[in-house]
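Trainee: following is a predicted model, sequence given first.
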Amino acid sequence: MSFTLKQLRYFVAVAEKGSVIGAAQTLSISQSAVTEALKNLEADLGVPLFERHARGLDITHSGHQFLRHATKILSDVSGARRAFQHAPGTTQGRLNIGVTSLMAGYVMSDLLSRYRRMNPAVEVSALEDQGEYLEHLLVGGELDVAVMVISNLRDRMALQSEILDVSAFRLWLPLGHKLTARESIGLDDVAREQLIMLNVDEMEEEAVKLLSAFGRKPQIAFRTRSVEAVRSLVATGAGVALLPDLVYRPWSLDGDRIESRDVSGSLPIVQVGMVWRKGLPLSEAVQDFLSLARMGQAERPARF
């Protein structure tokens with residue numbers, strides 16, 4: 001038996017919501033229909049996509065890998081349909097976009113540039129702010145769509161989200177650090193190091209929460225809102241950092257090398273996505289933006 005587009009839609013919805021109940025509510029279908037679809041999909045693929053527990057579902061490593069394929073397939077289908085709806089460049093109107101600080105440089109800049117080239121008649125306005133405030137503006141109708149970290153989206157009852165990218169946390173180290181020679185690095189090893197914290201888009205909260213699970217208070221050497229500052233500080237030996245692969249680059253601005261290593265244990269996953277208000281009719285300008293973002297996600301190489 002081959003999997004269906006319906007099964008893919010249900011799978012992506014569960015991955016986004018973290019539960020069968022949440023996916024069923026979003027899709028306006030029964031929980032049993034979602035459960036059956038996941039069961040058949042896992043049987044067809046031959047791998048578990050989720051780990052079941054009392055609080056809901058956790059996506060597995062195989063699930064993360066398949067999520068990229070599923071979103072690409074659904075994006076291609078959506079793009080094929082929209083290709084016949086109107087000619088490129090004819091969309092008019094206004095697009096109000098929100099973006100969080102981390103996403104502004106690593107996701108939005110390229111996406112916005114391509115959108116403006118494809119839709120020159122659309123008046124685009126972009127606002128950078130914290131995720132909580134962007135959610136407020138989306139619910140109030142002051143923004144059409146936002147690009148942000150959606151792992152900890154607050155108002156899931158009022159907002160619709162769609163995953164664009166999934167990025168795992170890894171450990172950043174200076175060249176020659178003692179941990180770079182280790183075959184396996186544990187979170188207890190990380191907890192003994194001086195940490196450089198990136199204080200944007202809830203990155204610090206995730207790292208502190210992770211290390212606090214070991215009963216240790218993280219040894220924070222430096223807090224900053226600049227990714228480049230984190231790179232420079234790590235590269236020069238001021239400390240190590242736990243950050244998602246999304247923002248990893250192997251060199252600081254001064255040309256110093258930065259190593260990246262996996263850490264054993266259950267590290268958080270950052271979900272980057274688009275968010276818009278549920279039930280709000282989407283203009284052509286917004287639909288074009290969503291389609292372009294999906295296409296960009298499908299073209300990016302996987303980081304697993």
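Mentor: Thanks, I have it. Numbering: from 1, shown residues only.

Trainee: run the chain-centre distance for the helix or strand encompassing residue 125.
Mentor: Element membership for residue 125 (DSSP states H and E) is strand 122-128. The chain centre lies 21 Å from the centre of strand 122-128; the measure is Cα atoms, centre = their mean, to the nearest Å.

Trainee: partner strands of it, with direction?
Mentor: strand 93-99 (parallel) (DSSP bridges).

Trainee: can you give me the buried ones in the partner strand?
Mentor: Buried residues in strand 93-99, counted by 16 or more other Cβ atoms under 10 Å: 95, 96, 97, 98, 99. To be clear about C-beta, it is placed using only N, CA and C from the backbone, and glycine gets the same treatment.

Trainee: looking at it, the second one is touching residue 146, isn't it?
Mentor: No: here residue 96 lies out of contact with residue 146, judged by Cβ atoms under 8 Å, at a distance of 9.5 Å.

Trainee: need the helices for the stretch 101-250 of the chain, in chain order.
Mentor: 101-103, 109-118, 131-139, 187-191, 203-212, 227-235 (DSSP state H, counting those that start in this stretch).

Trainee: low-confidence stretches in the stretch 101-250 of the chain?
Mentor: 213-216 (pLDDT under 70).

Trainee: does residue 200 touch residue 223 like I think?
Mentor: No: counting by Cβ under 8 Å, residue 200 does not reach residue 223; the two are 10.4 Å apart.

Trainee: higher neighbour count, these two?
Mentor: Between residue 200 and residue 223, residue 200 has the larger neighbour count (other Cβ atoms under 10 Å), namely 20 against 13.

Trainee: what's the offset of stretch 163-176 from the middle of its chain?
Mentor: Offset of stretch 163-176 from its chain centre (Cα atoms, centre = their mean): 13 Å.

Trainee: got the buried residues for it?
Mentor: Within stretch 163-176, the residues scored as buried using 16+ other Cβ under 10 Å are 163, 164, 165, 166, 167, 168, 169, 170, 171, 172, 173, 174.

Trainee: what is the nearest of those residues to residue 25?
Mentor: Set against residue 25, the nearest of these by Cβ to Cβ is residue 163 (17.4 Å).

Trainee: can you name the residues bridging to residue 99?
Mentor: Under the criterion used (DSSP bridges), residue 99 bridges to residue 128, residue 147.

Trainee: any idea how far it lies from residue 112?
Mentor: Residue 99 sits 9 Å away from residue 112, going by Cβ to Cβ, to the nearest Å.

Trainee: residue contacts, residue 6?
Mentor: Residue 6 sits next to residue 37 when contact means Cβ atoms under 8 Å, 6 or more residues apart in numbering.

Trainee: now for the buried residues of strand 93-99: which two are most distant?
Mentor: Maximum pairwise distance in the buried residues of strand 93-99, criterion Cβ to Cβ, is 12.3 Å, between 95 and 99.
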